[in-house]
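J.: Next comes the sequence, and after it the predicted model I'd like to discuss.
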Amino acid sequence: MKEKPFAITLDVGSSLANRTGAWRTERPVYVDRMPPCNQACPAGENIQQWLFHAESGDYEAAWRQLMRDNPLPAVMGRVCYHPCETACNRVQVDNAVGINSVERFLGDQAIRHGWRVAPPRTTSGKRVLVVGSGPAGLSAAYHLRLLGHEVTIREAQEKPGGMMRYGIPHYRLPRRVLDAEIERVLALGVRLETDTRVDDVLAAQRDGGFDAVFLAVGAGIGKRAYIPAGDTAHILDAVSLLGSMEGEGPPMLGRRVAVYGGGNTAMDAARTARRLGATEAVVVYRRTRDRMPAHDEEVEEALEEGVRVKWLSTIKHADGGRITIERMELDESGFPQPTGEFEELEADSLVLALGQESDLSLLRGVPDLAVDHGMVQVADGLMTGHEGVFAGGDMVPADRTVTVAVGHGKKAARHIDAYLRGESYEPGPKHAPADFDRLNTWYYADAPASVRPQLALARRVSTFDEVKQGLDESTALFEARRCMSCGNCFECDNCYGVCPDNAITKLGPGKGFTIDLDYCKGCGLCAAECPSGAIDMVPEE
């Protein structure tokens, strides 16, 4: 009998007659890829996962997923500059998913319904001192407590919150929201000592019997610059101005206020001046708008509220209700150069918003701890050069935002936990990125982004009420459902429906699918039609 070199014809009725998997040269494999939103989040949130819960209407599950990484979602939903949305693949279809809006909605739902995180059932017996109760300190305390350690926060100010309380105006962050989320962290058993300044960190560690320290003192000192001024000039720094809003009475600025600087703090100072009764608030900035460090939305809101900006200008002198400014021009490298052209502006007060520094006096005498340009130098795990002393937030080299600080707190907690256990923390391998070109965007319906309502412009400059409002439930649900689940299966059933060999089996809600390789021919139709790019075709072994 002559052999059949390429295939064997099975008899009719054989149990192997329809097992066509032997023809396959490639096989489909379900993969998990890193969504660009997750990748871009400085706090390391699993955004796609909590959006998955939110779009099903299970808001508490979504919030609990969020709380695995971020203990301040209602705060973050108000003050984060949402780099996740800048990275969102959907921006290439219509508009980015309103991730920040949904996060705020979930945070507000938790406050409204009193959702809580359960404290740990066991304790490690280890004690950690956290210096500073800003976003980095609160985040570290929260995660360390959930890991079973005893945590004490020492805060020099009268109230906790750091620059969230003493640097972010009420119209951006209502204090009832901040207080509610801080109280939830403390309810886990975190001890808070306010009005308690740490002057010597090693002495505080030794005397308190702490096994490790996390430094999160923030950058609460406004930088000063020498500006020639007469005796009658009223000059103050923006950090002091914003911090004084938590006091008994508002500061006296006068009717005409000039703010020197170009960052978010300068915008906050000018907008605060308008709310305190200034009829004119002028920001003086040395460069052009495209080089301004302030975020676009901050600048736009300030301009809407009547704040003026003198671009390419620098202040040369202040005295007697007037400031002298010099016009600048950019050289070939983009650096401002003086022109010798001057003008005068009327200004009852001059507010300096030229950056912020950290008070590092508590670190005097700490061996092997390095400070460069006013910032504490740390290793990848946020440990300083002195063993057992960690640092994060605004006092280390990084972007100075609440979101970055929250991420530092979580990262530090994981490394401190490992240190206390005599181990080292090693993060798992990162997934490959979920690129836009892997998506089948035509499967997704057109759905323009929801717009957050805002306080009426006529009321904004006369009140410190919150400017940006939250989404209602129906709008938040719609916004969550705009997520395209880039790179990860969301059980749309496309692969199940298009498979010509019925080789794909559904495992049930939340469990995904399995492929029967006895019948899969490796045609690749499932991978080609997957909306989210969650199936790879790999060479057959």
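T.: Cool, got the structure.
J.: Point out where the chain drops to low pLDDT.
T.: 1-18, 20-21 (pLDDT under 70).
J.: longest single strand anywhere in it?
T.: Counting residues, the longest strand in the chain under DSSP state E turns out to be strand 336-346.
J.: what's in contact with that one?
T.: 256, 258, 280, 282, 284, 286-287, 310, 312, 314, 316, 321-331 (Cβ atoms under 8 Å, 6 or more residues apart in numbering). All C-beta atoms are positioned from the backbone trio N, CA, C, and that covers glycine.
J.: and the residues you listed, which are buried?
T.: Using 16 or more other Cβ atoms under 10 Å as the burial test, the contacts of strand 336-346 include 256, 258, 280, 282, 284, 286-287, 310, 312, 314, 321-328 as buried.
J.: who does the longest strand of the chain pair up with?
T.: strand 322-330 (antiparallel) (DSSP bridges).
J.: Name the surrounding residues that touch the strand it pairs with.
T.: 258, 284, 286-288, 310, 312-318, 336-347, 350.
J.: Unless I misread the structure, F105 falls within a helix.
T.: Yes - the secondary structure assignment for F105 places it in a helix, going by DSSP: H, G, I helix; E, B strand; the rest coil.
J.: Residue numbering should commence at 568 henceforth.
T.: In the new count, where the first residue is 568, that last one comes out as F672.
J.: residues touching it, list them.
T.: 626, 644, 1037-1038, 1040, 1043.
J.: swap in R600?
T.: The neighbours of R600, taking Cβ under 8 Å, 6+ apart as the test, are 998-1001, 1005, 1053-1055, 1100-1101.
J.: List buried residues within the residues you listed.
T.: Buried among the contacts of R600 by 16+ other Cβ under 10 Å: 1001, 1005, 1053-1055, 1100-1101.
J.: Determine which two of those residues are furthest apart.
T.: When Cβ to Cβ is used, the two most widely separated members of these are R1005 and N1055, lying 11.0 Å apart.
J.: what sits in contact with each of these two?
T.: Listed as contacting both R1005 and N1055 by Cβ under 8 Å, 6+ apart are 600, 1099.
J.: Which helix runs longest in the chain?
T.: The helix that spans the most residues within the chain, counting by DSSP state H, is helix 969-987.
J.: Show me what the strand or helix carrying A885 is packed up against.
T.: The secondary structure element spanning A885 is strand 880-886 (assigned by DSSP states H and E). Counting by 3 or more Cβ pairs under 8 Å, 6 or more residues apart in numbering; DSSP states H and E, the packing neighbours recorded for strand 880-886 are strand 847-851, strand 889-897, strand 903-913.
J.: rerun that using 10 Å as the cut-off
T.: Contact analysis of strand 880-886 by 3 or more Cβ pairs under 10 Å, 6 or more residues apart in numbering; DSSP states H and E lists strand 823-827, strand 847-851, strand 889-897, strand 903-913, strand 916-919 as its packing neighbours.
J.: just to revisit the earlier point, mind saving the C-alpha coords of the helix or strand just after the longest helix of the chain as PDB?
T.: Scanning forward in sequence from helix 969-987 by DSSP H and E, the next helix or strand is helix 1024-1027. Output for helix 1024-1027, consisting of C-alpha atoms alone and laid out as PDB, is shown next (Å, rounded to 0.1, in the frame of the first residue of the first chain):
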ATOM      1  CA  LEU A1024     -18.400  82.400  36.100                       C
ATOM      2  CA  ALA A1025     -20.200  85.300  37.700                       C
ATOM      3  CA  ARG A1026     -20.000  83.500  41.100                       C
ATOM      4  CA  ARG A1027     -16.500  82.200  40.900                       C
END
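J.: Show me what helix 1024-1027 is packed up against.
T.: Using 3+ Cβ pairs under 10 Å, 6+ apart, the elements in contact with helix 1024-1027 are helix 831-842, helix 863-871.
J.: deepest of those, which one?
T.: Among the helices and strands packed on helix 1024-1027, ranked by average contacts under mean count of other Cβ atoms under 10 Å, first place goes to helix 831-842 (a mean of 26).
J.: tell me the angle it makes with helix 863-871.
T.: Our comparison of helix 831-842 with helix 863-871, counting by axes from the mean of the first three to the mean of the last three Cα atoms, to 10 degrees, yields an angle of 30 degrees.
J.: Can you spell out which helices and strands pack onto helix 831-842?
T.: Going by 3+ Cβ pairs under 10 Å, 6+ apart, helix 831-842 lies up against strand 802-804, helix 805-811, strand 823-827, strand 847-851, helix 863-871, strand 875-877, strand 916-919, helix 1024-1027.
J.: what lines up beside the third one in the sheet?
T.: Strand partners for strand 823-827, identified by DSSP bridges, are recorded as strand 847-851 (parallel), strand 916-919 (parallel).
J.: Can you add distance to D599 and give these back as JSON lines?
T.: As requested, those are exported to JSON lines (distance: least, Cβ to Cβ, whole Å):
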{"stretch": "strand 847-851", "distance to D599": "46"}
{"stretch": "strand 916-919", "distance to D599": "49"}
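J.: Of these, which is nearest S991?
T.: Scanning the strands paired with strand 823-827 with Cβ to Cβ as the criterion, the closest one proves to be strand 916-919, at 43.8 Å.
J.: gap between the closest one and the chain center?
T.: On the basis of Cα atoms, centre = their mean, to the nearest Å, strand 916-919 sits 30 Å off its chain's mean C-alpha point.
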